[in-house]
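S.K.: what shape does this take:
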Amino acid sequence: MAEQLSDKMQKLKDSLPDGVQLSGAPSRTIGELVIPDHIKAIAKNANFPVLIKRLSGEGCQNCGGAGVLYLERLVRGGFKTPSQHATCTMYDGLWYENEMSAFDCPVCNGDDQQVTAQKVNNSGLSDQELHLDFRKNYSVMDGNRAIVDYGQQLLAAYSMRGHVAGWLTVHGNNGVGKTFWSKCMVAEFLRKGLKSRYMLTADFLTEVTNTFQDQNTHTSDILNKYADVKVLVLDEIERIPQGSWHQTTLVQFLNGRYESGVNNEKHLTVLITNKNPHNVNDWSGMMAGYLTSRMTGGDIVEVKGHDLRRMR
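M.R.: From the prediction side, this is the model:
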């Protein structure tokens, strides 16, 4: 099996234009990689190698079912250590400053509606949000320095190790930028080839509940689907429907993510909430003790400041 995968991987690499290399995990069904002409032109005229990254997954054999491919341009480098002022990637044993962008997969995207739908279904971001740049779009303001620093640390960790892992709770009042920060991070890690997803906790539980009406899908299928996401953001974690089944299912899922993120360092889970994780009295229901215990077992960052929605 390993030899077959290796042969397929080599065939995929051989199909790339001169100056273009594949970086990231292949999908399970691999064929020739189709790249738009304007990307080939960028690679041909580049001073440094151009890397193409994609997500691992089933579906489109060209992009792994993400609907997009990610272009990483090495723009400056050959350094022995990574730059402290820009995102970097290691190539051939040396560090290079890079620029990341996304482009539509030419195989599975037949029209604009299909492109948008596929991107939203796989990442939880809108077409516009997919292009968010953390350093350009998330500004330092009064009260948010801690979360800005944490985002920079995550990107630096990826540059050093090629992955991120852990358990983070981000809390603060309404409108201070918690959700926007998390979407910036999801967009960043998608462009780096990591399978990433933003979603509301209620939407996750609804998707699980819908398996009751679908004879072809089991609850475990949904849990396994999200268990494998490298960077998962669950927003509004405090808005859990009443009922022991919903809460038991969420506990089971979060326990698995906690184990893989904290003890095995495989995944990053980010919980977003308006409530204070340190104060169990802010929470209600049978989940109060569990959630506060889980949250305080990982990193906690408070986002302060004014309601940005009222300032627009």
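
S.K.: separation between residue 105 and residue 183?
M.R.: 21 Å (Cβ to Cβ, to the nearest Å). C-beta: built from backbone N, CA, C; applies to glycine.

S.K.: for residue 48, same thing?
M.R.: From residue 48 to residue 183 the distance is 30 Å (Cβ to Cβ).

S.K.: give me the more crowded residue out of the two.
M.R.: residue 183 (23 against 16; other Cβ atoms under 10 Å).

S.K.: make sure that one is indeed in a helix.
M.R.: Yes: with DSSP: H, G, I helix; E, B strand; the rest coil as the criterion, residue 183 is part of a helix.

S.K.: that one and residue 123 touch, don't they?
M.R.: No: using Cβ atoms under 8 Å, residue 183 makes no contact with residue 123, being 9.2 Å away.

S.K.: what sits in contact with each of these two?
M.R.: Here residue 183 and residue 123 have residue 198 as joint contacts, going by Cβ atoms under 8 Å, 6 or more residues apart in numbering.

S.K.: a helix runs through residue 51, doesn't it?
M.R.: No: Residue 51 is assigned strand when assessed by three-state DSSP, not a helix.

S.K.: run through the bridge partners of it.
M.R.: residue 21, residue 72 (DSSP bridges).

S.K.: how far away is it from residue 40?
M.R.: Distance, residue 51 to residue 40, using Cβ to Cβ: 14 Å.

S.K.: higher neighbour count, these two?
M.R.: Shown here are residue 51 and residue 40; by other Cβ under 10 Å, residue 51 has more neighbours (22 against 16).

S.K.: how near is that one to residue 80?
M.R.: 20 Å.

S.K.: check residue 291 too.
M.R.: In terms of Cβ to Cβ, residue 291 sits 44 Å off from residue 80.

S.K.: next: residue 241.
M.R.: 53 Å.

S.K.: please apply the same query to residue 201.
M.R.: From residue 201 over to residue 80 (counting by Cβ to Cβ), the distance is 44 Å.

S.K.: looking at the two, which is more packed in?
M.R.: residue 201 (22 against 7).

S.K.: per-residue confidence for the more buried one?
M.R.: On pLDDT, residue 201 comes in at 92.

S.K.: correct me, but it touches residue 233?
M.R.: No: contact criterion Cβ under 8 Å: residue 201 and residue 233 do not qualify, at 9.9 Å.

S.K.: tell me the contacts of residue 150?
M.R.: 168, 299, 301.

S.K.: tell me the neighbouring strands of the strand or helix carrying the last one, and mark each as parallel or antiparallel.
M.R.: Taking DSSP states H and E as the criterion, the element that holds residue 301 is strand 299-302. Applying DSSP bridges, strand 299-302 is found paired with strand 166-171 (parallel).
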